[in-house]
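Undergrad: Give me a model of this one.
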Amino acid sequence: MDKKQYEIGNKPNIAEPIASKHKYGICKKCKVQFKQEWDSVKGVYSNWELCPQCREHKQKEKNITYKIDYVPYEYQLKMHNSPARFKLVDGGIRTGKDYSMVFELTKYTFDCANENRPDTMIPKVRAWIVAPSESIAKEDFNQLRRIIPAELVADLNKSEHSLITKNGVLFEVKSAYNPESLVGVGLDAVLITEAARIKDLEDVWSNLEGRLISDGRGKNGQGGIGLLNSSPLGKNYFYKMYMWGNKNNPDNDPQWESFRWQTWDNPEIAKKANIIQRNGLTYRQNLEKRMSSLRYRQDYLAEFLSNEYDVFPNFEENTLEKIPNNLSKEEREKFIDDWKAPLPYYTYVIGYDPAGLKDGAPVVIVEKETGKLKLKKDIKNLGWDGQFDELGYLQKKYNYAPIIFSKTGHEIIPSQLDKRGIVYEAKNEQGHNKAEFIENYSRLVENKFVRVLDSKDDLTERFKDEHKNYQRTVKGTKITYSNGRGSPHDDFVSAMYMGLSDIEPTEIIVPYVGMIEAL
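TA: Numbers count the residues shown, from 1 in each chain. Model (predicted):
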């Protein structure tokens, strides 16, 4: 493949002349007389200060071209050359999906900026980078800063993660936490990264596509473009969008084109993967051998797999309780406080996952009669003594709820709880016990027993992510459980399945409401 340097241009417009009654003018630069242009509608001549030749020369001087040292691989070039308005990349690890799409975003928006747009369009060109969280979007924003030459940057706001170029392009970073916030402005282009991990992707895309059809936006005012990329995560809404760009699919949309990039399509990665290791196998063969088939096919081959391996495939649909939108800040805080408050005569259970070297120490409190997750917190930063004291405090506050945790690997903890008079149950998590605890919790979720308040704070997002990425790994007859690629921990899942281990999905629990007398 021939190497190719891409170019982006900065082409400011020369100001239009004011009207004049003079047929001829003297060029201020070359001093040559030239004929002004006649406006038959206004009945006046133009008032150019420069002759046509000098104006053309001046325009060329202002048409600055910047070269970007980017040589796309063959599979990336197909995406760049696609005429589709909406481009979607389903990509494996290290395929360069973010960098190539950030470049595509930059090139397109600069093409828009070089159009002769009216002064009433403010900003002249607008583009958003959207991700499941602001921290993920910031990575693409950093790529953007590497691509755009520093001499073209007019203003950079690092705290707001926005950048304005001298030729009038405004780039902004947005989080997809709240889809309703992604409205209100016209867009020339949007890049959605890790789209498969956006929980309300359908709502997010609906709002964004509406911004892309705003008047005057996109090249020649024909509507803005959408660029989406992600590694796959089951057959969710991202998969549905992928099928819109599949020409062999009956739901194909001619404005869409989808691409699937596997890790080994990257020639530099493939070269390293084919090196023979000491055991006689290539790195790629060893990788495939030691990984689960599910993880390898999803993360490296970019396959859309069914959700049969997900332990909680419908976690958010089955558990989340939303806070009413019409509440004031004070009313919203009261709503959350009321949710957390213990109630008389209700029974509670506390699940606890003691901290490991790299893990948190989450505590969860569930109301057994309603399945409400009343409280969740990570108490690792308290230290061991502080954790035990906090457990004693929470036990008294929530009607002397028993504390349930795994004694496997934490044999010293019971003696510390005994010192404080804390009621607990330390369960054996070895053998098949762990699988039984997890599958029991999974059934409780599927039966919609567990209720989680979606307060959208960082801890709640971590809680949701852990459940969304928790998977079964099947190797022959052996089944193991762990967090998936999208979440670094699974501590809250552990706390939940331990705390709910004594509750069967078929149980109906009613609160105590009066005196019980023996006859």
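Undergrad: ends of stretch 478-498, how far apart?
TA: 22 Å (C-alpha to C-alpha, to the nearest Å).
Undergrad: what comes up buried for it?
TA: Across stretch 478-498, burial judged by 16 or more other C-beta atoms under 10 Å covers 481, 483-484, 486-487, 489-498. Bear in mind the C-beta positions are built from the backbone N, C-alpha and C, glycine included.
Undergrad: Look up how far residue 264 lies from the closest residue to residue 449 other than its chain neighbours.
TA: In this structure, residue 449 finds its nearest non-sequential neighbour in residue 371, 4.2 Å apart by C-beta to C-beta, 6 or more residues apart in numbering. Relative to residue 264, residue 371 is positioned 45 Å away (C-beta to C-beta, to the nearest Å).
Undergrad: Wait, a helix at residue 102?
TA: Yes. Assessed with DSSP: H, G, I helix; E, B strand; the rest coil, residue 102 lies in a helix.
Undergrad: OK, contacts around it?
TA: Residues in contact with residue 102, defined by C-beta atoms under 8 Å, 6 or more residues apart in numbering, are 129, 140, 143, 144, 147, 191.
Undergrad: repeat that with 6 Å
TA: By C-beta atoms under 6 Å, 6 or more residues apart in numbering, the residues touching residue 102 are 140, 143, 144.
Undergrad: if I look at the closest residue in space to it that isn't next to it in sequence, how far off is residue 495?
TA: Distances taken as C-beta to C-beta, 6+ apart place residue 143 nearest to residue 102, at 4.4 Å, with adjacent residues excluded. In this view, residue 143 and residue 495 are 37 Å apart by C-beta to C-beta.
Undergrad: Kindly report the same for residue 208.
TA: Taken as C-beta to C-beta, the span from residue 208 to residue 495 is 36 Å.
Undergrad: now do residue 327
TA: Residue 327 sits 29 Å away from residue 495, going by C-beta to C-beta.
Undergrad: Kindly report the same for residue 312.
TA: Counting by C-beta to C-beta, the gap from residue 312 to residue 495 is 14 Å.
Undergrad: quick one: residue 451 from residue 370, how far?
TA: Distance, residue 451 to residue 370, by C-beta to C-beta: 7 Å.
Undergrad: which ones are touching the residue nearest in space to the middle of the chain?
TA: Central residue of the chain (C-alpha atoms, centre = their mean): residue 132, 2.1 Å from the mean position. Going by C-beta under 6 Å, 6+ apart, residue 132 touches 176, 194, 197, 198.
Undergrad: nearest residue to the second one other than its sequence neighbours?
TA: Computed as C-beta to C-beta, 6+ apart, the closest residue to residue 194 that is not its neighbour in sequence is residue 230, at 5.0 Å.
Undergrad: Who is the one you found paired with across the strands?
TA: Beta-bridge pairing of residue 230 under DSSP bridges involves residue 90.
Undergrad: so how many other residues sit close to it?
TA: 26 (other C-beta atoms under 10 Å).
Undergrad: Please apply the same query to the one 3 residues further on.
TA: Other residues lying near residue 233 total 22 when counted by other C-beta under 10 Å.
Undergrad: Leaving out sequence neighbours, find the closest residue to it.
TA: Nearest residue to residue 233, sequence neighbours excluded (C-beta to C-beta, 6+ apart): residue 196, at 4.2 Å.
Undergrad: now swap in residue 209 and tell me
TA: Per C-beta to C-beta, 6+ apart, closest to residue 209 is residue 226, 6.9 Å.
Undergrad: so the one you found is in which element?
TA: Element membership for residue 226, per DSSP states H and E: strand 225-230.
Undergrad: Compute the inter-axis angle for the helix or strand just after that strand and strand 225-230.
TA: Counting by DSSP H and E, the next helix or strand C-terminal to strand 225-230 is helix 237-244. Helix 237-244 runs at 120 degrees relative to strand 225-230, counting by axes from the mean of the first three to the mean of the last three C-alpha atoms, to 10 degrees.
Undergrad: now what about the next helix-or-strand element following helix 237-244, what contacts it?
TA: Following helix 237-244 in sequence order, the next helix or strand is strand 256-261 (DSSP H and E). With contact meaning C-beta under 6 Å, 6+ apart, strand 256-261 is reached by 75, 79, 82, 84, 86-91, 95, 242, 244-246, 302.
Undergrad: Okay, now the sheet partners of strand 256-261, with direction.
TA: strand 86-91 (parallel).
Undergrad: how long is stretch 370-379 end to end?
TA: Taking C-alpha to C-alpha, stretch 370-379 runs 25 Å from one end to the other.
Undergrad: How far does it sit from its chain's centre?
TA: Stretch 370-379 sits 25 Å away from the centroid of its parent chain (C-alpha atoms, centre = their mean, to the nearest Å).
Undergrad: same check, this time on stretch 412-428
TA: 40 Å.
Undergrad: Any buried residues in that stretch, and which?
TA: Buried-residue list, stretch 412-428, by 16+ other C-beta under 10 Å: 413, 417, 422, 424, 426, 427.
Undergrad: for stretch 467-476, same thing?
TA: Of the residues in stretch 467-476, 467, 468, 469, 470, 471, 472, 473 count as buried by neighbour count, 16+ other C-beta under 10 Å.
Undergrad: Which members of these occur in helices, if any?
TA: Under the assignment DSSP state H, the buried residues of stretch 467-476 contribute 467, 468 to helices.
Undergrad: quick one: which of the buried residues of stretch 467-476 is nearest residue 70?
TA: For the buried residues of stretch 467-476, the residue nearest residue 70 by C-beta to C-beta is residue 469; the value is 32.4 Å.
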